[in-house]
Structure formats: C-alpha cells, structure tokens
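Chemist: Got a sequence here, can you build the structure:
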Amino acid sequence: MNILRRWGIGIALGLINMVAYLQWKHQHPAGIWKSLYDMNSLSATSNWLSNSDTKRQKVVILMTQMRSGSSFTGRIFAGTNGSMYLYEPLVTFGRDCTTLVEYKMNFLTQLLNCNFSNIQKNYDVGFRASHVYRPRCADVGFCFNKPELLRGYAATCRRVLNDGPPNGEFNRKSTKCGYPLKEDILHQQCLDAKIVFAKITRVCTLDQLQEVFNYLESAGKDAYVIHLVRDPRSTTYSRLTAFKEKSPTNHKEICDRIRRNLAILDPNFQDKAPKLVSEGKYMRVRFEDLSMDAIGWAQKLFRFIGIDLPTEVEKKIRGTLQRDKDIIEELKQGEKSKQAQLQRDQSEYYGTTKDSKEVLRKWRRDIPLDMAMRVQRDCGDIMQSLGYIAFEDEVELRDVSKPFFW
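Modeler: Okay, here's the model as predicted:
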C-alpha cells in the first residue's frame, strides 16, 4: 500500500471524525508510515536485533472478540518474564469494523514498534470517532495499564531514572515513575521486552492485520497472530449478561466476523490468503480447548511462537488454578455473604476467581432456549466449521454431561 494512499486516511465519517482526521493530518504531514520509518525506536530496535537472529523481538497479537475468553488467554502471555502486555490498545476506537480502520492499524503498528509518542492525540481521534470518552486514559497516560505492564514500567523507570521502590512494585504517587506514565519510559520498556503481546478486540479480520504484520517483519520483528474463537452461543449470552445487549441480532455480528476470517482461510482461496497465514505465523485456538487444558495449550501457544513454555508461566497457571479452586471451595463452605461473592465472581465477567470448566457449563444452564436456537440457526455454518455441536432441544442444551464441541 503506497504512501499516497496513506495520506488519504480517514474517509468522511461525519464532521467530527473529519475534523479529528484533519487535525492529525496537520500534525503528521508526511504520513504515519514515513514517520514510523524515521522514528528513533526503529533504529534502536534494529541495532539490538542485528546481534543475532535469536534475539529478534517477538510480537504476538491476540485477535478475538469481546467475551471470547481473551482476558484468560492474555494472562498466559502476560506472566512471561521480560514481556510487555498491551491490553486493548485500540479501546478508544469503538467496536465496529469500519470506523477509521487504516488509522487504527497505523496506531497499532506504531505501538507494536515501541513508538509511544502522541498517545493522547491518537486516543482523542478514537474518542471522537466512537463518541465514548474514558477520562482515566488521559489521567494515567495510557488506557488499561494492567499490573503486568505497570510492574515492567516500574522496573524500567527505576533503572533509567533511579527512582521508585526497590521491590519493583509500581508507585502511582512517585514523582518520576508514577502517573501519568511517560512516553519515553514506555518506549524503553518496550525495547527491552523479549515479547510484546497485544490483546486486540477492535480488529475484525486478518486482512486488516496484514499491513501491520508486513511492517513489523520488515522492521526486524518476529510477528505472530493468534486468533481466539469461542462458541457463538456462549459469547452471545456472555455479552447479554455483561453488557445487557438485548438485541435479538447481536449474534450475527459475532458470527459474521468469524465467517469472514474463515473465508480468508478457505483452502480454495489460498492464493488470496494473507501472507501471515501462508508463512505459518497464524494460529487459531478455541477458548474451550484452552479452558479444558490450560497447561497443554499454553505449551502449544509458546511452541507456536518458537520458545518453550517458560517455567514462570507454568507455575503461575498451576498456582492460579489451585488458588481459584481453594478460594471457591472456601467460599462454598462460608457464610451466605461469601457465597454471594462467589456467585458474582463466577458470573463470567469482571470476576477474578473462576473455575474455567464451570464457565464452560454455566452458559448452557442459563442461556434462554430461544437465544440458543436463534444463534444455531444463523451461525450453523461457522459452528460446524469450528467443531461446535448444535442442540436439538432444551433437554440436550441443559444436559451439561454431554459435550458441545468435538
């Protein structure tokens, strides 16, 4: 895609979006792709990578949809020593598949190449397009700064600025290393990372990631895409409970996104498949498989990106599973108030204490029958392609002893 086309980013999406785009255009007259080639982070990264091919920084993009188990999956990579975890870096751009697509891809490429300059200006473009404002993004300097990101930030800041607690924990009130997060420290943290991992739900199809992949590879990165899918019946019901999405057709958007990606991967059209697929840099995983065998699938995911499952990740997964099991059992035996807490945490959203196998069963007990049947009717093709089993009636649906995927 040539630079002239890049100059044309931002189709007229209404007056607000156009104003936002023109402001950005004024700030980047040469186009974002040229600015990416000129930025200091590229040369610094290239020098580091040139020492040995084994030192190529790995960039892993987890592409999925909301309520598909991405937080659970993200925690696997986030526990890797020497990694940087970018949780939903495109959150400000909204959930649709058409708004400012090229701009989003450019911004994502910028972040994955360790360029954190003008973050707030890019956020503002997204806010104006999505009409959703998150004040905390501006207050702390970076949206969704998860603990894993903050611990790495604190360690980097302490080393660079000699400030912060010796235990490596993030101190939000620190003058030098607290909030708001500083672009240059984020930049250095990213350069030092062996793996940069981004969980993305605001990218709809693999072909949208192709230019991102091409650029990262040309910049010396070792890039991968993991595509996480989940049974559309459980995703639809999870959105209903978490976001109160009561539209009778919201499942169609979920299935359409999966359907488009399956079409891209159709063996009959391999000549049109994105390069990242033909080069073996793409992997699809079902949330259900990951939930049933977290250790086994964690090994497969790390093997896919060319490294063995880190010891610290395996310990964390085993510890988390055991901790959750112990807490759940303790709460079950506790007083009613604690049992109510357990019920909230087991509700599939926002809770941190979950029995992953129970999550697989819960939606079958709670989803309205008409919703399940509607999803099966409209999404039967992708369910079959992904190995999900349709139910004939409510008896089959509620019988959690019978599998719903193969």
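
Chemist: separation between residue 94 and residue 220?
Modeler: Distance of residue 94 to residue 220, computed by CB to CB, to the nearest Å: 32 Å. C-beta: built from backbone N, CA, C; applies to glycine.

Chemist: what does residue 76 give?
Modeler: Counting by CB to CB, the gap from residue 76 to residue 220 is 25 Å.

Chemist: what do you get for residue 84?
Modeler: According to CB to CB, residue 84 and residue 220 sit 17 Å apart.

Chemist: which of the two has more neighbours?
Modeler: A direct count of neighbours by other CB atoms under 10 Å for residue 84 and residue 220 places residue 84 higher, at 27 against 18.

Chemist: what about the nearest residue to the more buried one once chain neighbours are set aside, how many neighbours?
Modeler: Among residues not flanking residue 84 along the chain, residue 193 sits closest, at 4.0 Å (CB to CB, 6 or more residues apart in numbering). By other CB under 10 Å, 20 other residues sit near residue 193.

Chemist: Equivalent analysis for residue 363, please.
Modeler: Counted with other CB under 10 Å, residues neighbouring residue 363 total 23.

Chemist: Would it be right to say that it lies in a helix?
Modeler: Yes: counting by DSSP: H, G, I helix; E, B strand; the rest coil, residue 363 is located in a helix.

Chemist: Check the spacing between it and residue 375 real quick.
Modeler: Distance, residue 363 to residue 375, by CB to CB: 11 Å.

Chemist: Also residue 294?
Modeler: Counting by CB to CB, the gap from residue 294 to residue 375 is 26 Å.

Chemist: go on, residue 114?
Modeler: 41 Å.

Chemist: Identify each buried residue in the host helix or strand of residue 381, please.
Modeler: Using DSSP states H and E, residue 381 maps to helix 369-386. Neighbour-count burial for helix 369-386 flags 371-376, 378-379, 382-383, 386 (criterion: 16 or more other CB atoms under 10 Å).

Chemist: closest to residue 235 among those residues?
Modeler: residue 375 (8.9 Å; CB to CB).

Chemist: Looks like the closest one contacts residue 251 (just checking).
Modeler: Yes: Residue 375 is within contact range of residue 251, at 4.7 Å (criterion: CB atoms under 8 Å).

Chemist: shared neighbours, those two?
Modeler: Counting by CB atoms under 8 Å, 6 or more residues apart in numbering, the contacts common to residue 375 and residue 251 are 232-233, 236.

Chemist: Mind pulling up the pLDDT for the residue lying closest to residue 394 once chain neighbours are set aside?
Modeler: Of all residues not flanking residue 394 in the chain, residue 369 sits nearest, at 5.0 Å (CB to CB, 6+ apart). Residue 369 is assigned 96 on the pLDDT scale.

Chemist: try residue 33
Modeler: Predicted confidence (pLDDT) for residue 33: 30.

Chemist: next one: the one 5 residues further on
Modeler: Note on residue 38: pLDDT of 31.

Chemist: now residue 221
Modeler: 96.

Chemist: Please report the distance of residue 144 from residue 137.
Modeler: Remark: distance between residue 144 and residue 137 (CB to CB) = 8 Å.

Chemist: Tell me the strands beside the longest strand along the chain, with direction?
Modeler: Ordering each strand of the chain by length in residues (DSSP state E) puts strand 222-229 first. Note on strand 222-229: by DSSP bridges, its sheet partners are strand 58-63 (parallel), strand 282-286 (parallel).

Chemist: angle of the last one against helix 369-386?
Modeler: The one in question is strand 282-286. 140 degrees (axes from the mean of the first three to the mean of the last three CA atoms, to 10 degrees).

Chemist: Please pull up the helix or strand immediately following strand 282-286.
Modeler: As assigned by DSSP H and E, the chain's next helix or strand after strand 282-286 is helix 287-292.

Chemist: hmm, back to that, reformat the strands paired with strand 222-229 as CSV; add distance to residue 226.
Modeler: Listed next are the strands paired with strand 222-229 as CSV, based on distance: least, CB to CB, whole Å:
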stretch, distance to residue 226
strand 58-63, 5
strand 282-286, 5
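
Chemist: ok, residue 144 and residue 137, which is more surrounded?
Modeler: residue 137 (21 against 16).

Chemist: ok, now how distant is the more buried one from residue 94?
Modeler: Residue 137 is 14 Å from residue 94, by CB to CB.

Chemist: Flag the shaky bits of the stretch 301-406 of the chain, pLDDT-wise.
Modeler: 321-356 (pLDDT under 70).

Chemist: Then the stretch 101-250 of the chain?
Modeler: 164-165, 244-249.

Chemist: where do the helices sit along it?
Modeler: 101-112, 119-130, 135-140, 147-161, 183-192, 206-218, 232-243, 250-264 (DSSP state H, counting those that start in this stretch).

Chemist: Great, nothing more from me.
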